[in-house]
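>>> model the following, please.
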Amino acid sequence: MNTTALRHPAEESVSECFYYEPMILSTGSYHALPDGTPAYEERYAMVSRFFNGLAVVQDKKTGKEYHITTDGKPAYSAQFEFVGSFVGQKNSTEAIKKGRYILINRKGKEIYPIKEES
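Okay, here's the model as predicted:
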């Protein structure tokens, strides 16, 4: 059984990032290895593709979003109303926390508030 993950085309410049196929079922969403087996046990309301080793997921109970690693574990403890992906060489991404637009780093820490235009 070959469990080597396929690299996503948008990540060609990232040497250690692997892509797993998102699976969407009525019982919950998860990522599958190339042979179809689940990459981890947890099930989420929503999963995105992996970019730079992290994928956005939405918690089934809270409805909040955060990033997971390829083994299905949370990358950090914070949860957000919305969180973007770390596509390409990005070390930060947008998020919404308590109705505020912010930028977060790969550890889920706020690094910059985004000012709204009037």
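
>>> what helix or strand is Ser85 located in?
Assigned by DSSP states H and E, Ser85 falls within no helix or strand.

>>> what's across from the nearest residue to it once chain neighbours are set aside in the sheet?
In this structure, Ser85 finds its nearest non-sequential neighbour in Phe51, 4.7 Å apart by C-beta to C-beta, 6 or more residues apart in numbering. To be clear about C-beta, it is placed using only N, CA and C from the backbone, and glycine gets the same treatment. Counting by DSSP bridges, Phe51 is bridged to Leu54.

>>> surely Phe51 touches Val83?
No - taking C-beta atoms under 8 Å as the definition, Phe51 is not a contact partner of Val83, at 12.0 Å.

>>> and these two? which has more neighbours close in?
In terms of neighbours (other C-beta atoms under 10 Å), Val83 is the more surrounded of Phe51 and Val83; the figures are 25 against 22.

>>> now do that one, the pLDDT please.
On the pLDDT scale, Val83 is placed at 97.
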